[in-house]
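K.L.:
Output the structure for:
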Amino acid sequence: MKVGMIAHHYPHASHRKEFVARVHQVAEVFRSTPGCLSAECWQTDDAVTSIVQWESEEAFAASLVAVQAAGLDLAYDEREVRPREIIRLTAA
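P.N.:
Below you'll find the predicted structure:
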């Protein structure tokens with residue numbers, strides 16, 4: 001069963017460009033893992049949103065391991081205005 005994730009991030013304006021680059025780096029690693037169907041970065045005036053889709057729960061788990069192993073900056077800290085909103089999805 002396909003699974004997905006939508007993550008809304010709220011970077012401070014002074015960190016927005018850097019944050020978009022970080023999300024693109026994570027998306028690139030996700031896309032390189034088997035079973036990742038898509039990984040994209042979108043933005044609005046106040047949020048950077050990542051939307052990722054996998055073919056299975058196992059592919060999702062493997063992608064998370066790959067991103068953590070890549071040593072990318074995933075930290076939530078003072079560069080963000082408010083906490084991230086992460087929504088997990090399963091295909092209906």
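K.L.:
contacts and neighbour counts: CA atoms only from here.
P.N.:
OK.
K.L.:
so Lys19 is in which element?
P.N.:
That one is not Lys; residue 19 is Phe. Using DSSP states H and E, Phe19 sits in helix 16-32.
K.L.:
what are the pairing partners of the next helix or strand after that helix, and which direction each?
P.N.:
The C-terminal neighbour of helix 16-32 among helices and strands, as given by DSSP H and E, is strand 36-43. When pairing is defined by DSSP bridges, strand 36-43 lines up against strand 48-54 (antiparallel).
K.L.:
Give the buried residues for whatever helix or strand comes next after the strand it pairs with.
P.N.:
Heading C-terminal from strand 48-54, the first helix or strand you meet, by DSSP H and E, is helix 57-69. Neighbour-count burial for helix 57-69 flags 59-60, 62-63, 66-67 (criterion: 16 or more other CA atoms under 10 Å).
K.L.:
So which of those residues is the closest to His12?
P.N.:
Nearest to His12 among the buried residues of helix 57-69 is Val67, at 23.5 Å by CA to CA.
K.L.:
Spatially nearest residue to that closest one (excluding sequence neighbours)?
P.N.:
In space, Val67 comes closest to Val29 once its chain neighbours are excluded; the distance is 6.1 Å by CA to CA, 6 or more residues apart in numbering.
K.L.:
so who does the one you found touch?
P.N.:
By CA atoms under 8 Å, 6 or more residues apart in numbering, Val29 lies in contact with 63, 66-67, 70.
K.L.:
Show me the beta-bridge partners of Val3.
P.N.:
Beta-bridge partners recorded for Val3 (DSSP bridges): Trp54, Thr90.
K.L.:
so where's this protein shaky on pLDDT?
P.N.:
Applying pLDDT under 70 to the chain flags no residue at all.
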